[in-house]
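**Q** return a 3D structure for these sequence lines:
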Amino acid sequence: MGKSLAQPEDGGNPLLPVLKLALVCYGSDFGGADFVQRCERIAKNAAENEPFFFMTAITGGLAGLIPCGLGCQLALAYTGCRIGHAVTYILGPKITTAPRSFTWISGAVISLGVSGIILSKTKGAIEL
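**A** Next comes the predicted model:
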(Lines give C-alpha, C1' and ligand atoms only; values in the text may rest on other atoms or scores of the structure.)
Protein backbone atom coordinates (compact mmCIF):
# COMPACT_ATOMS: atom_id res chain seq x y z
CA MET A 1 0.00 0.00 0.00
CA GLY A 2 1.50 3.27 -1.07
CA LYS A 3 1.92 6.32 1.09
CA SER A 4 -0.98 8.16 -0.55
CA LEU A 5 -4.47 6.95 0.17
CA ALA A 6 -7.27 6.92 -2.38
CA GLN A 7 -9.30 9.26 -0.19
CA PRO A 8 -7.33 11.98 1.65
CA GLU A 9 -9.70 11.93 4.62
CA ASP A 10 -8.78 8.28 5.28
CA GLY A 11 -5.40 9.40 6.61
CA GLY A 12 -7.07 10.85 9.71
CA ASN A 13 -8.77 7.56 10.65
CA PRO A 14 -7.48 6.42 14.06
CA LEU A 15 -8.14 2.77 13.08
CA LEU A 16 -5.95 2.98 9.97
CA PRO A 17 -2.99 1.02 11.47
CA VAL A 18 -5.34 -1.73 12.68
CA LEU A 19 -7.09 -1.90 9.31
CA LYS A 20 -3.77 -2.08 7.45
CA LEU A 21 -2.69 -4.95 9.68
CA ALA A 22 -6.03 -6.78 9.36
CA LEU A 23 -5.99 -6.44 5.56
CA VAL A 24 -2.32 -7.43 5.37
CA CYS A 25 -1.46 -4.07 3.77
CA TYR A 26 2.05 -3.57 5.05
CA GLY A 27 5.23 -2.46 3.41
CA SER A 28 5.71 -0.07 0.54
CA ASP A 29 5.61 -2.85 -2.07
CA PHE A 30 2.09 -4.03 -1.24
CA GLY A 31 -0.77 -2.64 -3.26
CA GLY A 32 -0.61 -0.81 -6.53
CA ALA A 33 -1.03 -2.09 -10.07
CA ASP A 34 1.08 -5.22 -9.56
CA PHE A 35 -1.02 -6.32 -6.58
CA VAL A 36 -4.24 -5.73 -8.52
CA GLN A 37 -2.88 -7.79 -11.44
CA ARG A 38 -1.93 -10.61 -9.05
CA CYS A 39 -5.46 -10.60 -7.60
CA GLU A 40 -6.96 -10.71 -11.09
CA ARG A 41 -4.70 -13.63 -12.08
CA ILE A 42 -5.54 -15.61 -8.94
CA ALA A 43 -9.27 -15.04 -9.58
CA LYS A 44 -8.82 -16.29 -13.17
CA ASN A 45 -6.85 -19.29 -11.90
CA ALA A 46 -9.63 -20.13 -9.45
CA ALA A 47 -12.24 -19.82 -12.19
CA GLU A 48 -10.26 -22.26 -14.33
CA ASN A 49 -9.57 -24.91 -11.66
CA GLU A 50 -12.32 -24.97 -9.05
CA PRO A 51 -15.43 -25.66 -11.19
CA PHE A 52 -13.96 -28.93 -12.49
CA PHE A 53 -13.30 -30.25 -8.99
CA PHE A 54 -16.61 -29.22 -7.48
CA MET A 55 -18.71 -30.40 -10.43
CA THR A 56 -16.86 -33.73 -10.40
CA ALA A 57 -17.24 -34.09 -6.64
CA ILE A 58 -20.91 -33.10 -6.65
CA THR A 59 -21.73 -35.41 -9.55
CA GLY A 60 -19.87 -38.32 -7.94
CA GLY A 61 -21.53 -37.66 -4.60
CA LEU A 62 -25.04 -37.44 -6.03
CA ALA A 63 -24.49 -40.61 -8.05
CA GLY A 64 -23.34 -42.40 -4.89
CA LEU A 65 -19.87 -43.08 -6.31
CA ILE A 66 -17.98 -41.25 -3.57
CA PRO A 67 -18.67 -42.10 0.09
CA CYS A 68 -19.96 -39.09 2.00
CA GLY A 69 -17.18 -39.03 4.60
CA LEU A 70 -14.43 -39.35 2.01
CA GLY A 71 -16.05 -36.75 -0.23
CA CYS A 72 -16.25 -34.24 2.62
CA GLN A 73 -12.62 -34.81 3.57
CA LEU A 74 -11.46 -34.43 -0.03
CA ALA A 75 -13.50 -31.24 -0.47
CA LEU A 76 -12.00 -29.77 2.71
CA ALA A 77 -8.49 -30.72 1.64
CA TYR A 78 -9.00 -29.27 -1.84
CA THR A 79 -10.43 -26.04 -0.43
CA GLY A 80 -7.47 -25.75 1.93
CA CYS A 81 -5.07 -26.24 -0.97
CA ARG A 82 -6.82 -23.59 -3.04
CA ILE A 83 -6.81 -21.09 -0.17
CA GLY A 84 -3.14 -21.83 0.47
CA HIS A 85 -2.38 -21.39 -3.22
CA ALA A 86 -4.18 -18.04 -3.35
CA VAL A 87 -2.42 -16.70 -0.25
CA THR A 88 1.02 -17.82 -1.38
CA TYR A 89 0.43 -16.40 -4.87
CA ILE A 90 -0.60 -13.01 -3.52
CA LEU A 91 2.44 -12.97 -1.23
CA GLY A 92 4.54 -14.03 -4.26
CA PRO A 93 7.47 -11.59 -4.16
CA LYS A 94 7.84 -11.96 -0.39
CA ILE A 95 8.25 -15.77 -0.36
CA THR A 96 9.67 -18.52 -2.56
CA THR A 97 7.53 -20.37 -5.08
CA ALA A 98 7.85 -23.74 -3.31
CA PRO A 99 4.78 -23.33 -1.04
CA ARG A 100 2.67 -22.14 -3.97
CA SER A 101 3.79 -25.08 -6.12
CA PHE A 102 3.12 -27.55 -3.31
CA THR A 103 -0.43 -26.27 -2.71
CA TRP A 104 -1.26 -26.23 -6.43
CA ILE A 105 0.11 -29.75 -7.01
CA SER A 106 -1.72 -31.05 -3.92
CA GLY A 107 -4.99 -29.59 -5.16
CA ALA A 108 -4.45 -31.05 -8.64
CA VAL A 109 -3.71 -34.51 -7.18
CA ILE A 110 -6.89 -34.36 -5.07
CA SER A 111 -8.91 -33.26 -8.10
CA LEU A 112 -7.53 -36.08 -10.24
CA GLY A 113 -8.02 -38.50 -7.34
CA VAL A 114 -11.73 -37.69 -7.18
CA SER A 115 -11.96 -38.25 -10.93
CA GLY A 116 -10.10 -41.54 -10.54
CA ILE A 117 -12.47 -42.73 -7.82
CA ILE A 118 -15.46 -42.00 -10.04
CA LEU A 119 -13.90 -43.66 -13.09
CA SER A 120 -12.92 -46.75 -11.13
CA LYS A 121 -16.46 -47.21 -9.85
CA THR A 122 -18.06 -46.68 -13.25
CA LYS A 123 -15.74 -49.08 -15.06
CA GLY A 124 -17.90 -51.49 -16.99
CA ALA A 125 -21.04 -49.44 -16.35
CA ILE A 126 -20.49 -47.36 -19.46
CA GLU A 127 -21.06 -49.23 -22.67
CA LEU A 128 -19.88 -47.74 -25.93
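**Q** the longest helix in this structure is where?
**A** Criterion DSSP state H: the longest helix present in the chain is helix 32-62.
**Q** I'd like to know which elements it is packed against.
**A** Packed against helix 32-62, as judged by 3 or more C-beta pairs under 8 Å, 6 or more residues apart in numbering; DSSP states H and E, are the following elements: helix 68-90, helix 98-122. The C-beta positions use only the backbone N, C-alpha and C, and glycine is treated the same way.
**Q** how about stretch 76-91: buried residues?
**A** Counting neighbours by 16 or more other C-beta atoms under 10 Å, one finds that the buried residues in stretch 76-91 are 78, 81-82, 84-86, 88-90.
**Q** which of the residues you listed sits closest to Ser111?
**A** Tyr78 (6.6 Å; C-beta to C-beta).
**Q** got the contact list for that closest one?
**A** 53, 57, 107, 110-111 (C-beta atoms under 8 Å, 6 or more residues apart in numbering).
**Q** ok, now how distant is it from Leu119?
**A** In this view, Tyr78 and Leu119 are 18 Å apart by C-beta to C-beta, to the nearest Å.
**Q** related to what we said a few turns ago, pipe the helices and strands packed on helix 32-62 into CSV and attach mean pLDDT per row.
**A** Output for the helices and strands packed on helix 32-62, formatted as CSV (pLDDT from 0 to 100):
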stretch, mean pLDDT
helix 68-90, 92
helix 98-122, 91
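**Q** now these in TSV, with distance to Asp34?
**A** Below are the helices and strands packed on helix 32-62 laid out as TSV (distance: least, C-beta to C-beta, whole Å):
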stretch	distance to Asp34
helix 68-90	11
helix 98-122	16
